[in-house]
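Undergrad: Could you look at this predicted model? Sequence included:
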Amino acid sequence: MSVTFSSDLPDQGLPVMEPCLCTQMDESFSQWVQYGPGEPSVMRAAAAQGCYTCKGTGIEGYERSALPELNLANANAEALLNAMGIKQDYYHGEMSVAEARRGVVRARNTRIPVPPKPAWSQVFGGPRLIGGEITEESILERVNRFENFLNAVSELGAKKITWY
Ligand SMILES: [Zn+2]
């Protein structure tokens, strides 16, 4: 599960073409992955005719955002927003670019609240479980990545940051 930070900039999606997974047992799939898009006739021959995704073309098309975005795991997004002092639901929300800049400055200049380790990571004598741990350093790394995203969208004229 993850949270994506984006902006209020109008997004004209970029078309993306990829080989459909129904072709993955055919040579054409790995050829595409290694050397770039394959010939439509070759991809069609490799496709499963009843494939729901590509309708038998062997090529899957969709649009991805053309704008800068930042995607974080839920726990990292929550820790970032807490460090920035943003008191909103971390699943979705909205802030101005000015609020975001104040949040970055705040996160760098206040003691960052580090969430407690999950109880299962401290069980003694049990199997060793390794989970992602959130530390002050890992939160500051997310603050840096957030600031890079923020600079990129504000240079393009964004006024608001949204996340969901
Ligand atoms: Zn397919």
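TA: Received it, and whenever you're ready, just let me know what you need.

Undergrad: buried sites along stretch 157-164?
TA: 158, 160, 161, 163 (16 or more other CB atoms under 10 Å). Glycine gets a C-beta too; all of them are placed from N, C-alpha and C.

Undergrad: mind listing which of those are in strands?
TA: Using DSSP state E, 160, 161, 163 are the members of the buried residues of stretch 157-164 that sit in strands.

Undergrad: Identify the bridge partners of the first one.
TA: Think residue 160. Beta-bridge partners of residue 160, counted by DSSP bridges, are residue 96.

Undergrad: can you tell me how far it sits from residue 126?
TA: Distance, residue 160 to residue 126, using CB to CB, to the nearest Å: 46 Å.

Undergrad: For residue 108, which non-adjacent residue is closest in space?
TA: residue 143 (6.5 Å; CB to CB, 6 or more residues apart in numbering).

Undergrad: circling back: which members of the ones in strands among the buried residues of stretch 157-164 additionally contact the ion?
TA: Here nothing survives when those are matched to the ion using CB under 5 Å from the ion.

Undergrad: how about CSV for the buried residues of stretch 157-164, with pLDDT added?
TA: Listed next are those as CSV, based on pLDDT from 0 to 100:
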residue, pLDDT
158, 96
160, 97
161, 97
163, 96
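
Undergrad: give me the element the residue nearest to the spatial centre of the chain is part of.
TA: When CA atoms, centre = their mean is applied to the chain, the residue found nearest the centroid is residue 71 (2.5 Å). Element membership for residue 71, per DSSP states H and E: strand 70-73.

Undergrad: Can you mark which positions in that strand are buried?
TA: Buried, per 16+ other CB under 10 Å, within strand 70-73: 70, 72.
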